[in-house]
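1. Give me a 3D structure for the following:
(chains A and B)
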Number of protein chains: 2
Amino acid sequence: MALPKPLKETAFLLRQLPQIGPRQAGRLAVFLFRNENLRQELIERLKGLNTGVHICERCFRIAEKSPCALCSDKARDTAILAVVEEDTDLENLESTHSFSGSYFVLGGRFNPHRGAPEEQGLRIKELQARITQDAKKLHEVILAMNPTVEGDILALALMRTLKPSGVSLTRLGRGLPVGGEIEYADEETLKSALKHRG
Amino acid sequence: MALPKPLKETAFLLRQLPQIGPRQAGRLAVFLFRNENLRQELIERLKGLNTGVHICERCFRIAEKSPCALCSDKARDTAILAVVEEDTDLENLESTHSFSGSYFVLGGRFNPHRGAPEEQGLRIKELQARITQDAKKLHEVILAMNPTVEGDILALALMRTLKPSGVSLTRLGRGLPVGGEIEYADEETLKSALKHRG
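-> Have a look, this model is predicted:
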């Protein structure tokens, strides 16, 4: 792209954000250049992004206080713990209103090409500590990783790490997504759907 | 999303960028929160986004000087003018190395639901002035809009506006994209491919 240097450099930075490709990064830089007001507002918001924001000391999610509202809620079941990679996974599980247990946020997507989970900044030691601490009351840990190759590798690694704790380890069910069609389902999904029929 | 307010507000702003949906905006806000260094760099880059950046007085593209390198280039053919919506369209046409004419950037994507092109900030008056000014040497104006409903409406509007100038008005050719398959081509593309065969 023959864009002027400040736009090129901005596009280069934007490419480091998740799911932003080189073309979209260029388009975003041009858009931000043309929209002075939006740019100024964004600068202000980014400056204040961590003002009044905490990482919960129990579940490590991004929250307005620590411990967060979920971890302080006496009605939540502390015998069951869902381990997720990202805050957005937690939000999505929570929006089902079908889970009343506790959470633990590892704090990033696992990339098998970038070394062990702990080397990528995922909170493996903190998870072990939490499980050891809650060992007496904890019945089940759901390894709520994505049903992808990356998610499977991470879940296997966590199973190995957490096995000595003796707690029951489960994963989210696999099968046809609701509204999905058998005709377009891939082989692995169909296999899972057959296996977990009922 | 139950994200803390500063993250929610940042996500809300990010949603105003082109091709960023609500989910991705939330994900980007979380990512920017977690990556302090990237966030600080981005703030600095956005602050300096228009330092040393100009809008070319001839073609209105974003450039390092005005008139821009293309408009100052004596080797470019000023008898043929390509009118594009966005800078990124110009960059892409230029990367083909198949066009040696001049350009004019309207400065935005046309949205038929948001009123007339000039009401959306597209440089229609400036385009008319440029064409009037260059009338004697100008042989052809290529209305290089996207082959979409929006692009077609804009091109038709420009044709009406520019017809009195007497200059020859053309559009980019339509047909099967190189590497595309007849089996998957839509009806309109196939019709165009048949019509423009050769």
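2. Give the burial count for residue A:187, as a bare number.
-> When neighbours are counted by other C-beta atoms under 10 Å in any protein chain shown, residue A:187 registers 7. Quick note: C-beta positions are derived from backbone N, CA and C, even for glycine.
3. what sits against it?
-> Contacts for residue A:187 (C-beta atoms under 8 Å, 6 or more residues apart in numbering or on different chains) come out as none.
4. per-residue confidence for it?
-> For residue A:187, the pLDDT comes out at 82.
5. With residue A:193 instead?
-> With respect to pLDDT, residue A:193 scores 81.
6. That one belongs to a helix?
-> Yes: assigned with DSSP: H, G, I helix; E, B strand; the rest coil, residue A:193 falls within a helix.
7. In contact with the closest residue to it other than its chain neighbours, which residues?
-> Counting by C-beta to C-beta, 6 or more residues apart in numbering or on different chains, residue A:193 lies nearest to residue A:175, which is 4.1 Å off, once chain neighbours are set aside. Contact partners of residue A:175, counting by C-beta under 8 Å, 6+ apart, are A:189, A:192, A:193, A:196, A:197.
8. Check the gap between the first one and residue A:171 for me.
-> This points to residue A:189. Here the criterion is C-beta to C-beta, to the nearest Å. By it, residue A:189 lies 15 Å from residue A:171.
9. buried set for the helix or strand encompassing residue A:142?
-> Per DSSP states H and E: residue A:142 is located in strand A:140-143. Residues of strand A:140-143 classed as buried: A:141, A:142, A:143 (neighbour count, 16 or more other C-beta atoms under 10 Å in any protein chain shown).
10. Check which helices and strands that strand sits against.
-> Other helices and strands packing on strand A:140-143, by 3 or more C-beta pairs under 8 Å, 6 or more residues apart in numbering or on different chains; DSSP states H and E, are strand A:80-84, helix A:149-162, strand A:168-171.
11. As JSON lines, those with mean neighbour count, distance to chain B and mean pLDDT would be great.
-> Listed next are the helices and strands packed on strand A:140-143 as JSON lines, based on neighbours: other C-beta atoms under 10 Å in any protein chain shown; distance: least, C-beta to the nearest C-beta, whole Å; pLDDT from 0 to 100:
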{"stretch": "strand A:80-84", "mean neighbour count": "22", "distance to chain B": "12", "mean pLDDT": "95"}
{"stretch": "helix A:149-162", "mean neighbour count": "16", "distance to chain B": "16", "mean pLDDT": "94"}
{"stretch": "strand A:168-171", "mean neighbour count": "14", "distance to chain B": "23", "mean pLDDT": "92"}
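12. list the contacts for the residue sitting nearest the centre point of chain A?
-> In chain A, the C-alpha nearest the mean C-alpha coordinate belongs to residue A:86, at 1.6 Å (C-alpha atoms, centre = their mean). Counting by C-beta under 8 Å, 6+ apart, residue A:86 touches A:105, A:106, A:107, A:108, A:109, B:27, B:30.
13. now with 10 Å?
-> Neighbour list for residue A:86: A:18, A:61-62, A:92, A:105-109, A:146, B:27, B:30-31, B:34 [criterion: C-beta atoms under 10 Å, 6 or more residues apart in numbering or on different chains].
14. what comes up buried for the helix or strand of chain A with the lowest mean pLDDT?
-> In chain A, the helix or strand scored least confidently by mean pLDDT, DSSP states H and E is helix A:187-195, which has a mean of 82. Of all the residues in helix A:187-195, those buried under the rule 16+ other C-beta under 10 Å are A:189, A:192, A:193.
15. Alpha carbons only: can I get it in PDB?
-> Only the C-alpha atoms of helix A:187-195 are listed here, as PDB (Å, rounded to 0.1, in the frame of the first residue of the first chain):
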ATOM      1  CA  GLU A 187     -17.400 -35.800   9.600                       C
ATOM      2  CA  GLU A 188     -16.000 -35.300  13.100                       C
ATOM      3  CA  THR A 189     -19.100 -33.300  14.200                       C
ATOM      4  CA  LEU A 190     -21.300 -36.100  12.800                       C
ATOM      5  CA  LYS A 191     -19.300 -38.800  14.600                       C
ATOM      6  CA  SER A 192     -19.700 -36.900  17.900                       C
ATOM      7  CA  ALA A 193     -23.400 -36.400  17.200                       C
ATOM      8  CA  LEU A 194     -23.800 -40.200  16.700                       C
ATOM      9  CA  LYS A 195     -21.700 -41.000  19.800                       C
END
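16. wait, doesn't residue A:112 sit right on residue A:149?
-> Yes: using C-beta atoms under 10 Å, residue A:112 is in contact with residue A:149, at 7.5 Å.
17. how about low-confidence regions in chain A?
-> A:1 (pLDDT under 70).
18. which stretches of chain A form helices?
-> Using DSSP state H, the helices found in chain A span residues A:5-14, A:22-34, A:36-47, A:69-72, A:87-94, A:124-133, A:149-162, A:187-195.
19. per the record, what domains does chain A have?
-> Segmentation of chain A into domains, based on automatic domain parsing, reads A:5-47, A:77-171.
20. quick one: the shortest one near chain B?
-> Which is domain A:5-47. Yes: on the criterion C-beta under 10 Å from any C-beta of the partner chain, domain A:5-47 is in touch with chain B at A:5-7, A:9-14, A:16-20, A:23-24, A:26-36, A:38-47.
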